[in-house]
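>>> Quick one, structure for this:
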Amino acid sequence: MQLIVPTYLLALAAMASAHTTLQYVNDNNAIVRPPPSNSPIVSVSDSNIACNVNGGTAKSSKLNVTAGGSLTLEWHHEGRTSQAIDPSHKGPVLTYLAKVPNALTATSPSSLSWFKIQHDGATFSGTTATWAIDKLNSNGGKYSVTIPKSIPSGDYLIRSEIIALHGASSVGGAQFYMGCAQISVTGGGSASPATVKFPGAYSSSDPGILINIYYPPLTSYTIPGPAVFSG
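Predicted coordinates for the structure are as follows:
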């Protein structure tokens, strides 16, 4: 019994160190709605898959961004000097927006209508894959997105998501990490992108969610969710 306890604790530590949270948008953490922990959502039907549990809790400030401009989103599994996520956690990185009347008071993210503005899955050289998570880690946990120039001005929640696929060969094995932040878009247009709901945008049997990324070796990957709205 004396040997079991430390082994169990080491396993827990390894699991925790592999997890991750969205921490900054343009070096600003006052606009990010932090989840209660760095643990993932594991069911596509979980109502918390929109913005995680605390994603419905508004912050007191928002970030102004010009339509057509870019944002840098930053992920870490602990503090800012840590890696974004354990390198074994291969998978895509995706970004969504939802229009809200006021980002400072918006609640119930699962009731919002979301449209995708970015996704990055994997690039292949034969059967050797470079995943979006690999690029995220090599870039210090940061990636950039462009706010579509044609979307209406006003307040939005931005939803950044990592899907870790190392255990995704069975239903419920994929790990969904998401973080939401509060932004206000200026100089926009009048586009009306097609939207999805969370939950609802993904199925547990989607080929980009229920997948063995190890065998047989992959030569392609289908990113889950809707098409990217280019704007």
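
>>> Next SSE downstream of the helix or strand of the chain with the lowest mean pLDDT?
Ranking every helix and strand in the chain by mean pLDDT, DSSP states H and E puts helix 4-18 at the bottom, with a mean of 40. Using DSSP states H and E, the helix or strand that follows helix 4-18 in sequence is strand 21-25.

>>> How far does that next one sit from its chain's centre?
10 Å (Cα atoms, centre = their mean, to the nearest Å).

>>> Ok, stretch 196-209 next?
Going by Cα atoms, centre = their mean, where stretch 196-209 is centred and where its chain is centred differ by 14 Å.

>>> May I have the distance across that stretch, first residue to last?
Length of stretch 196-209, first residue to last, Cα to Cα, to the nearest Å: 17 Å.

>>> Ok, stretch 21-41 next?
Distance between the two ends of stretch 21-41: 12 Å, counting by Cα to Cα.

>>> And for the residue lying closest to residue 206 once chain neighbours are set aside, the neighbour number?
In space, and not counting its chain neighbours, residue 206 is closest to residue 224: 4.6 Å by Cβ to Cβ, 6 or more residues apart in numbering. Backbone N, C-alpha and C define where each C-beta goes, glycine included. For residue 224, the count of nearby residues is 23 (other Cβ atoms under 10 Å).

>>> likewise residue 56?
Quick note: residue 56 (other Cβ under 10 Å) scores 18 neighbours.

>>> No more questions from me, cheers.
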